[in-house]
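A.B. asks: Return atomic coordinates for the entry below.
(2 chains)
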Amino acid sequence: MSKLKVTTISDPDNDNAALTIDSSGNVTAPQGFVPSTQLSHRNLIINGAMQVAQRATSRSSIGATFAYYTADRWLIGSAGGTTARYDMSQSTDAPDGFGHSLKLECVNADATVDANEYQRIEQRLEGQDFQQLAFGTSSAKSFTLSFWVKSSVTGQYTVTFDFNDGTTYRQRVAQYTIDSANTWEYKTITIEGDTDTSIANDNAYRFGLFWGLRAGSTYNTTDDGDVWFDETSAKRMYGQNAVIGANVGETWQITGIQLEVGSVATPFEHRSYAEELARCQRYYATSYGGYQLAVDIQDASFASTNFPVTMRADPTATVYAASNGTINKMSRYAGITCTVSSVATYPNGIRLIQHDSESNGQSWGYRWTADAEL
Amino acid sequence: MNEMIITNAQYSTYQGENITVMATIDGVEMSVPLDPANRHYAEILRQVEAGTLTIAEAE
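C.D. replies: Next comes the predicted model:
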């Protein structure tokens, strides 16, 4: 080990000070600084710190299917008929510097992992946001995933990355180990770029990653060789030996998830709640506790709502009465409701129509959710 | 994906044109736009193609 003590580093031609170091060790670049990787907007993951939970902050006994429940953009996927169920929550238990984690706690155990079972936590992302990886070219770039994880179950787990060009579906598996039970651990995984296949440049699900919770022999028995491969079930979660959901009370938590270009995990890029919410609203939005009004004109009310941000695609909408939450209804005072006869959605809003025979000039209240998830 | 449970699928019209599919998806009634980029509509199309779902005409 050697040490170099200097206060200034200059260029050799003109002796311009390139770096200066003060007595406290602070470094300044007087001539400017050109990074080889971007300094901001590095994190390609949305809601990696689990700040946003528009649907709910907790849900009970989930895990039967693929669905979004609590923290935005985070999907639980389940296949093969496992009966393991979890309470999912946006937990306030998190490493220092984070306010939340996504937590699963087993409430119905399934001790035996059948061959065709798996459960996983995943995020799906648009291909147009991943063109910088230059996959499918000789310039394909490596990327690095970092995250904090905590579980009551120690052992080897997997993270699987997948992408596609619309025709070829590629995957890559990485293993990580939880060494100590009930302890936050920081993990980093660097994956080389794939020169074989490109990522389609559109608004569809073209890149994703998922963390295995449990996997049967159909999915975890064939060594993937630590390379990208065309989608193969037996390789998909190779090395997933740990099993979550075998006993009631088992937990698995995650937060601080960052995916960035390059081979180094940089500190987590914290974003404001407002920034993260807007990113999430491209995929899911809701009128929250407020409601909107439609005015009845000649027995036909026409209501429109503009979304807070333009959504990824035409969203699926659920409209419900402001007064009592009845789906596909609007409401007035005293619980009077009318049926919404038509709902049309666009990336920037909803249009509602109802044709009940109410008097002209009545106003109707309604709430809505809009879902353009991948 | 995703093995959604889809029932009661029926077209909804405006001025005689189909604009959405009303359906109950995983227990919730939803209005699904006829956009192949919408995951619910993509799944409806997949189940129709598989012969496990029929979309009723609008009333």
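A.B. asks: On the three-state scheme, A:Y186 is what?
C.D. replies: Using DSSP: H, G, I helix; E, B strand; the rest coil, the structure places A:Y186 in strand.
A.B. asks: Next, the contact list for it, please.
C.D. replies: Contacts for A:Y186 (Cβ atoms under 8 Å, 6 or more residues apart in numbering or on different chains) come out as A:95, A:146-148, A:256. In short, each C-beta sits where N, CA and C put it, glycine included.
A.B. asks: so what pLDDT did it get?
C.D. replies: The score at A:Y186 is 98. That number is its pLDDT.
A.B. asks: re earlier: of the contacts of A:Y186, which is the most crowded?
C.D. replies: A:G256 (25 neighbours; other Cβ atoms under 10 Å in any protein chain shown).
A.B. asks: what's the burial count for B:Y41?
C.D. replies: 20.
A.B. asks: count of neighbours near the residue in the stretch 51-200 of chain A that chain B sits nearest to?
C.D. replies: Residue of the stretch 51-200 of chain A nearest chain B, by Cβ to the nearest Cβ: A:F66 (3.8 Å). Counted with other Cβ under 10 Å, residues neighbouring A:F66 total 18.
A.B. asks: do you know how far it is from A:I353?
C.D. replies: As for A:F66, its distance to A:I353 is 32 Å (criterion: Cβ to Cβ, to the nearest Å).
A.B. asks: ok now do A:Y346, which residues does it touch?
C.D. replies: A:314, B:33.
A.B. asks: Give the bridge partners for it, please.
C.D. replies: A:G349 (DSSP bridges).
A.B. asks: Give me every residue in the stretch 1-150 of chain A lying close to chain B.
C.D. replies: A:65-67, A:77, A:79 (Cβ under 8 Å from any Cβ of the partner chain).
A.B. asks: same thing but at 7 Å, please
C.D. replies: Contacts of the stretch 1-150 of chain A with chain B, taken as Cβ under 7 Å from any Cβ of the partner chain, map to A:65-67.
A.B. asks: Among the residues you listed, which lie within strands?
C.D. replies: With strands taken from DSSP state E, the overlap with those comprises A:A67.
A.B. asks: what would the residues of the stretch 1-150 of chain A next to chain B look like in TSV with pLDDT?
C.D. replies: Shown next, in TSV, are these (pLDDT from 0 to 100):
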residue	pLDDT
A:T65	91
A:F66	93
A:A67	94
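A.B. asks: now, which of the residues of the stretch 1-150 of chain A next to chain B sits nearest A:I9?
C.D. replies: Distance to A:I9 across the residues of the stretch 1-150 of chain A next to chain B (Cβ to Cβ) is lowest for A:F66, with 53.9 Å.
A.B. asks: Wait, the closest one touches A:L75, no?
C.D. replies: Yes. Under the criterion of Cβ atoms under 7 Å, A:F66 makes contact with A:L75 at 6.2 Å.
A.B. asks: residues shared between the contacts of these two?
C.D. replies: Residues touching both A:F66 and A:L75 by Cβ atoms under 7 Å, 6 or more residues apart in numbering or on different chains: none at all.
A.B. asks: Can you give me the neighbour number for A:Y118?
C.D. replies: Using other Cβ under 10 Å, A:Y118 has 24 other residues around it.
A.B. asks: actually B:E17, sorry about that
C.D. replies: B:E17 has 9 nearby residues by other Cβ under 10 Å.
A.B. asks: how close does A:L374 get to A:C106?
C.D. replies: Counting by Cβ to Cβ - A:L374 and A:C106 are separated by 27 Å.
A.B. asks: higher neighbour count, those two?
C.D. replies: A:C106 (23 against 20).
A.B. asks: so what's that one scoring on pLDDT?
C.D. replies: 98.
A.B. asks: got the residues of chain B near chain A?
C.D. replies: B:1-3, B:12, B:14, B:19-20, B:26, B:28-33, B:35, B:37-40.
A.B. asks: Now the buried members of the residues you listed.
C.D. replies: B:1-2, B:12, B:19-20, B:26, B:29-33, B:35, B:37-40 (16 or more other Cβ atoms under 10 Å in any protein chain shown).
A.B. asks: all strands for chain B, in order.
C.D. replies: Under DSSP E, chain B gives strands at B:6-14, B:17-25, B:28-33.
A.B. asks: Quick one: low-confidence residue ranges for chain B.
C.D. replies: The model of chain B has pLDDT under 70 over residues B:1-2.
A.B. asks: Can you tell me the centre-most residue of it?
C.D. replies: By Cα atoms, centre = their mean, chain B has its centre lying nearest to B:V21, at 4.3 Å.
A.B. asks: That one is in contact with B:I55, isn't it?
C.D. replies: Yes. The pair B:V21 and B:I55 passes the contact test of Cβ under 7 Å, sitting 5.8 Å apart.
A.B. asks: what sits in contact with each of the two?
C.D. replies: Counting by Cβ under 7 Å, 6+ apart, the contacts common to B:V21 and B:I55 are B:9-11.
A.B. asks: Can you turn the buried part of the residues you listed into a ChimeraX selection?
C.D. replies: Here is the ChimeraX command that selects the buried residues among those (16+ other Cβ under 10 Å):
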select /B:9,11
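A.B. asks: Torsion angles phi and psi at A:L277?
C.D. replies: Dihedral pair for A:L277: phi -60, psi -40, per degrees, to the nearest 10.
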